[in-house]
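K.L.:
build me a model from this:
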Amino acid sequence: MHAHTAVSGEPPDWRQIEGPGAALNLVEALDLGGYYPFHATRADLLRRLERSDEAAADHAVAAGLAPSTAERDHLSGQAARASERFPRISPTGIVSSEA
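P.N.:
Numbers count the residues shown, from 1 in each chain. You can find the predicted model right below:
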């Protein structure tokens, strides 16, 4: 079942779904906070929107919920890469990869 169908009961009109922002709105409407793929999906969409701090946090949540060591390791690595990909710049101009 597609997320839009789960939320509205209607199948999605794929012509109206454009980009990661629209997809994120659909995903966030779901009540799946205890399901690690929800957080991994949300993290990927946030990464595509260059919201690295939020992406890293959701990857970390997904890693904490993942059932296997391999999945936890992969998602933890994704969290680290999300922080590195778009480093934060402080008001003083100092670049930091810390969240």
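K.L.:
my guess is Val61 contacts His39. True?
P.N.:
Yes - the pair Val61 and His39 passes the contact test of CB atoms under 8 Å, sitting 4.5 Å apart. Using the backbone N, CA and C atoms, a C-beta is placed for each residue, glycine as well.
K.L.:
in what helix or strand does the residue sitting nearest the centre point of the chain lie?
P.N.:
Centroid-nearest residue in the chain: Ala43, 1.2 Å away (criterion: CA atoms, centre = their mean). Per DSSP states H and E, Ala43 falls inside helix 36-48.
K.L.:
in that helix, what counts as buried?
P.N.:
By neighbour count with 16 or more other CB atoms under 10 Å, helix 36-48 contains the buried residues 36, 38-47.
K.L.:
stretch 27-38 too?
P.N.:
27, 36, 38.
K.L.:
now do the same contact list for Pro20.
P.N.:
Contact analysis of Pro20 by CB atoms under 8 Å, 6 or more residues apart in numbering lists 45, 48-49.
K.L.:
can I get those in TSV including distance to Ser68?
P.N.:
Output for these, formatted as TSV (distance: CB to CB, whole Å):
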residue	distance to Ser68
Leu45	23
Arg48	25
Leu49	28
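K.L.:
that older thread, the residue nearest to the centre of the chain touches Ala62, doesn't it?
P.N.:
Yes - taking contacts as CB under 8 Å, Ala43 lies within contact range of Ala62: 6.3 Å.
K.L.:
circling back to that earlier point, could I get the contacts of Pro20 as JSON lines with pLDDT?
P.N.:
Formatted as JSON lines, the contacts of Pro20 follow (pLDDT from 0 to 100):
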{"residue": "Leu45", "pLDDT": "92"}
{"residue": "Arg48", "pLDDT": "89"}
{"residue": "Leu49", "pLDDT": "91"}
